[in-house]
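Q: what follows is a predicted structure for the sequence shown.
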Amino acid sequence: MRYVKLSSENFSSFFESLRNWGKVYAPIKRGSIYTFQEVHELGEIELNYTRTMLPPKKFFVRPRDEILRLKNGRWENGTDAEPIVLFGLHSCDMHGLKILDKVYLDEPADPYYKARREKTFIVGISCMPDEYCFCKSLGTHFAMDGFDLFLHELPDGWLVRIGSVRGHEVVWENGELFEEVTDEDLKHFKEFEERRANAFQKEIPQEGLADMLDLAYNSPVWKEYAEICLACGNCNMVCPTCRCYEVCDNWISAYDAVRERRYDSCFMENHGLVAGGHNFRPTRLDRFRHRYYCKSYFDPSSGYNCVGCGRCDEFCPAKIEHVKVLEEVRGSLR
Amino acid sequence: MSENPHQTYDARILEVKDLTPREKLFTLRFLDPEIGEHFTFKPGQFVIVDIRGFGEFPISLCSSPTRKGYIQLCIRKAGRMTKFIHQMKEGEVVGIRGPYGNGFPMEKMEGSNLLLVAGGLGMAPLRSVLWYAIDTGKYEHVWLLYGTKAYEDILFRDEIIHLLKHGDAVGCSVKLAYEVESPSCIYLERGFFDRVCKGVVTDLFRGEEFDVDKAYALICGPPVMYRFVIKELLDRKLSPGRIYMTLERRMRCGIGKCGHCIVGTSTSIKYVCKDGPVFTYWDALSTRGLI
Ligand SMILES: Cc1cc2nc3c(=O)[nH]c(=O)nc-3n(C[C@H](O)[C@H](O)[C@H](O)COP(=O)(O)OP(=O)(O)OC[C@H]3O[C@@H](n4cnc5c(N)ncnc54)[C@H](O)[C@@H]3O)c2cc1C
Ligand code: SF4
Ligand code: SF4
Ligand code: FES
């Protein structure tokens, strides 16, 4: 890794320089939530945000996405990827993107996702956990890759980790804005990370988690929660690693149609429904449990399908807490 | 962007044949001869059929890769899309992408006995295995145990009756179980009293001795069938690793992206579309929800 320092007074010039890459999207506050939107000046951005409602997956896997267009009886396709900058991503969201990469870039790669991913410049930013975060216990609280630049807050500026050649080029082109990192800066960096590590209030005990959950398949806890759950699917929509989609053809004129995909949720009754009315997950209990199993699956190459961002807790209208459910299910084995 | 996995290839419907009141056999050929040339598959794999502007659906290949120049799909009229294709005529064009899924391990099973157990529409993918085995002659002996509702529902009836009569000559013994009695069934039963009976597919196991050391079982049928068939096989001491079954799930993409076909729990997640649709019974023992 290469490290440089960006002082506070150069911050806005740095932000301006990013606009050479493409449109800049960053977290802003809207009502009581944060959201990634296009920004034109630094002042619009909420640097101290906790989590956006929709994760950055919305830039790569859009809530509604046209994939093919029917012209003269044939499908035409093309990506509309344009260069963009995602400014201010948190570490957990980068890990979320890495999990999506595994799905969408695995052969055969999804061309829409791939093109958008390649054209996006990612700038990370350090954060402080709130009561919902449990990324530290999943090891997703620190990103070692998956970004071009990562900004760590210092009292008088930012320690910048350069994570890619593109990141290096941007720094190089704007060389006058950056300085060498001093021992003092490193001390502050370390202090910040320690303070942050101690600020986590929630954790998932990982020890034997996957096996314990599997063994607790018939636990009554699943049932208790399935009764509280509204099956609204909010937790799926906001999850940075959920990516189920449904496909639908729509006619726009007598001659032209589009094939669209849109977010789907495993809480919806028809998620596992096949022809003839057979449903592989007929009850809410089946569907509730399925989501937890999917999120808690451990892939040796990419870890769990949950990065501990806390979105599903914050945006659950039934106030169901992810970690609490897992702990209770596990506990019910005893 | 030429390499788009969502893009489908034009295929012309060469022939539409009524198999039963609910199922039709579609014979297709790719318009582009180069694609037709390169399109190879394994028995047990499936394609996604694309009716442009209306939608897509997965269907098993029921012809054999040994017979080149065309593919066949046996499609049951089950809902919106399948009803649409049932109204299509010879000469019309649909889109096809695939083949998808893992298919049966035909090479690994060479030299062994194959025990095919089909229930209803499950006959479709197993027909591919059956013809493959007969065409290549690389298998010791093939049994087909086929359970059907009624005489009218027997898929590929002409072929089945032909094999009842002449199958042994090509190393293939067919047995048939039907549930609803009819004059045609009774006639069949008289002709092949040791091969045709009233009952369900598991009744066909009775009195049959299989050399389990040299056998693989390949099962396809409705979800309820698997448990009963597998019990028969386990009773005969067939190893869970030698029992293959092909499964159905809701599918959208066929390539491991859309998430619909995911089954399993925290210790084992499988995509039916790419890890399957063919699984062993051992997979089912280690992945909850598979059967
Ligand atoms: C691997 C595989 C192989 C199959 N092989 C065959 C075959 O050889 N012959 C045959 O007749 N049928 C087969 N099917 C089932 C066939 O895909 C469904 O009958 C068909 O998709 C029903 O679509 P529909 O629009 O007519 O039904 P509807 O009931 O109207 O379906 C409603 C919606 O659900 C979707 N849907 C329903 N069932 C399925 C399903 N099983 N998988 C994915 N989407 C589904 C449809 O696309 C549709 O949009 C197979 C399914 C799978 C997964
Ligand atoms: S957000 Fe909460 S209530 Fe809605 S489906 Fe998820 S767990 Fe259930
Ligand atoms: S399951 Fe919840 S905490 Fe985990 S990544 Fe998804 S939204 Fe975040
Ligand atoms: S069908 Fe889409 S993931 Fe399997």
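A: In hand now; what should we look at? Ligands and ions are numbered 1, 2, ... in the order given.
Q: show me where the stretch 101-250 of chain B has strands.
A: Counting by DSSP state E, counting those that start in this stretch, the segments of the stretch 101-250 of chain B that form strands are B:113-119, B:142-148, B:172-178, B:196-198, B:215-220, B:243-246.
Q: show me what the fifth one is packed against.
A: Applying 3 or more Cβ pairs under 8 Å, 6 or more residues apart in numbering or on different chains; DSSP states H and E, one finds that strand B:215-220 contacts strand B:113-119, helix B:123-136, helix B:223-235, strand B:243-246. In short, each C-beta sits where N, CA and C put it, glycine included.
Q: worst average pLDDT in those?
A: If the helices and strands packed on strand B:215-220 are sorted by mean pLDDT, helix B:223-235 sits at the bottom with a mean of 93.
Q: right, and the helix or strand after the host helix or strand of A:L6?
A: If you go by DSSP states H and E, A:L6 is part of strand A:2-7. Later in the chain than strand A:2-7, the nearest helix or strand by DSSP H and E is helix A:11-18.
Q: a markdown table please, covering the helices and strands packed on strand B:215-220 and showing distance to B:T267.
A: Below are these laid out as a markdown table (distance: least, Cβ to Cβ, whole Å):
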| stretch | distance to B:T267 |
| --- | --- |
| strand B:113-119 | 29 |
| helix B:123-136 | 28 |
| helix B:223-235 | 21 |
| strand B:243-246 | 21 |
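Q: which one of these lies nearest to A:L18?
A: Between A:L18 and these, the tightest spacing by Cβ to Cβ is seen for strand B:243-246, at 51.6 Å.
Q: need the residues that contact that closest one.
A: Residues lying outside strand B:243-246 but in contact with it, judged by Cβ atoms under 8 Å, 6 or more residues apart in numbering or on different chains, are B:44, B:60, B:104-105, B:122, B:125, B:216-220, B:226, B:230, B:233, B:276-281, B:284, B:291.
Q: ok, B:N4 - contacts?
A: Taking Cβ under 8 Å, 6+ apart as the contact definition, B:N4 lies against A:77, A:111.
Q: count of neighbours near the residue of the stretch 101-250 of chain B found nearest ligand 2?
A: Among residues of the stretch 101-250 of chain B, the one nearest ligand 2 by Cβ to the nearest ligand atom turns out to be B:R250. It sits 19.1 Å away. With neighbours defined by other Cβ atoms under 10 Å in any protein chain shown, the count for B:R250 comes to 20.
Q: let me have the strands of the stretch 101-250 of chain B in CSV, extended by mean neighbour count.
A: Compiled in CSV, those are given as follows (neighbours: other Cβ atoms under 10 Å in any protein chain shown):
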stretch, mean neighbour count
strand B:113-119, 25
strand B:142-148, 24
strand B:172-178, 21
strand B:196-198, 18
strand B:215-220, 26
strand B:243-246, 25
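Q: out of those, the one nearest ligand 1 is which?
A: strand B:243-246 (7.3 Å).
Q: per-residue pLDDT, the nearest residue to B:E179 once chain neighbours are set aside?
A: Spatial nearest neighbour of B:E179, chain neighbours left out: B:K149 (5.3 Å); criterion: Cβ to Cβ, 6 or more residues apart in numbering or on different chains. The predicted structure scores B:K149 at 95 on the pLDDT scale.
Q: do A:L186 as well
A: A:L186 carries a pLDDT value of 96.
Q: now B:M1
A: Looking at B:M1, its pLDDT is 39.
Q: between the strands of the stretch 101-250 of chain B, which gets nearest to A:R166?
A: When those are ranked by proximity to A:R166 (Cβ to Cβ), strand B:243-246 comes first, at 45.5 Å.
Q: next structured bit after the closest one?
A: Under the assignment DSSP H and E, the closest C-terminal helix or strand after strand B:243-246 is strand B:262-265.
Q: quick one: contacts of the helix or strand just after that following strand?
A: Following the chain from strand B:262-265 toward its C-terminal end, the next helix or strand by DSSP H and E is strand B:268-271. Contacts of strand B:268-271 from elsewhere in the structure, counted by Cβ under 8 Å, 6+ apart, are A:293-294, A:297, B:256, B:261-264, B:276, B:279, B:283, B:286-288, B:290.
Q: does strand B:268-271 reach ligand 1?
A: No: figure legend: strand B:268-271 not in contact with ligand 1 (Cβ under 6 Å from any ligand atom); closest approach 11.4 Å.
Q: quick one: mean pLDDT for the very next helix or strand once past that strand?
A: Downstream of strand B:268-271, the first helix or strand assigned by DSSP H and E is strand B:278-280. Mean pLDDT, taken over the full extent of strand B:278-280, equals 98.
Q: how far does strand B:278-280 sit from its chain's centre?
A: Distance of strand B:278-280 from the chain centroid (Cα atoms, centre = their mean, to the nearest Å) equals 13 Å.
Q: and if you look at stretch A:80-92?
A: With Cα atoms, centre = their mean as the basis, the mean position of stretch A:80-92 lies at 11 Å from the chain mean.
Q: list the buried ones in it?
A: A:81, A:84-92 (16 or more other Cβ atoms under 10 Å in any protein chain shown).
Q: can I get those residues in a markdown table including pLDDT?
A: As requested, the buried residues of stretch A:80-92 are arranged in a markdown table below (pLDDT from 0 to 100):
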| residue | pLDDT |
| --- | --- |
| A:A81 | 90 |
| A:I84 | 97 |
| A:V85 | 97 |
| A:L86 | 98 |
| A:F87 | 97 |
| A:G88 | 97 |
| A:L89 | 97 |
| A:H90 | 97 |
| A:S91 | 97 |
| A:C92 | 97 |
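Q: how about the contacts made by the residue of the stretch 1-150 of chain A at minimum distance from chain B?
A: Using Cβ to the nearest Cβ, A:P108 is the residue of the stretch 1-150 of chain A that sits closest to chain B, at 4.0 Å. The neighbours of A:P108, taking Cβ under 8 Å, 6+ apart as the test, are B:3, B:5, B:255.
Q: can we see that at 7 Å?
A: If a contact means Cβ atoms under 7 Å, 6 or more residues apart in numbering or on different chains, then A:P108 has B:5, B:255 as its contacts.
Q: which stretch of helix or strand covers it?
A: Short version: A:P108 belongs to no helix or strand, going by DSSP H and E.
Q: any idea how far B:I291 is from the residue nearest to B:E179?
A: Going from B:K149 to B:I291 by Cβ to Cβ, to the nearest Å gives 21 Å.
Q: what number of residues lie near B:K237?
A: Taking other Cβ under 10 Å as the criterion, the count of residues near B:K237 is 9.
Q: about what we covered before: among the buried residues of stretch A:80-92, which ones are in strands?
A: Judged by DSSP state E, strands contain the following of those: A:84-89.
Q: and these, which two are the farthest apart?
A: Across those, the two lying at the largest distance from each other (Cβ to Cβ) are A:I84 and A:G88, at 13.0 Å.
Q: which single residue of the stretch 101-250 of chain B ends up nearest ligand 3?
A: Checking the stretch 101-250 of chain B residue by residue against ligand 3 with Cβ to the nearest ligand atom singles out B:R250 as nearest, at 22.3 Å.
Q: give the contact list for B:P43.
A: Applying Cβ under 7 Å, 6+ apart, one finds that B:P43 lies in contact with B:64, B:103-104, B:106, B:125, B:128-129, B:132.
Q: and the gap between B:D168 and B:F192?
A: For B:D168, the distance to B:F192 under the criterion Cβ to Cβ works out to 11 Å.
Q: those two: which is more packed in?
A: Using other Cβ under 10 Å, the more surrounded residue of B:D168 and B:F192 is B:F192, with 16 against 12.
Q: out of the contacts of strand B:268-271, who's nearest ligand 2?
A: Where the contacts of strand B:268-271 are concerned, and distances follow Cβ to the nearest ligand atom, ligand 2 has its nearest neighbour in A:C294, at 12.6 Å.
Q: any part of the helix or strand harbouring the closest one near chain B?
A: With the criterion set as DSSP H and E, the secondary-structure element containing A:C294 is helix A:284-296. Yes: contact of helix A:284-296 with chain B is found when judged by Cβ under 7 Å from any Cβ of the partner chain, involving A:293-294, A:296.
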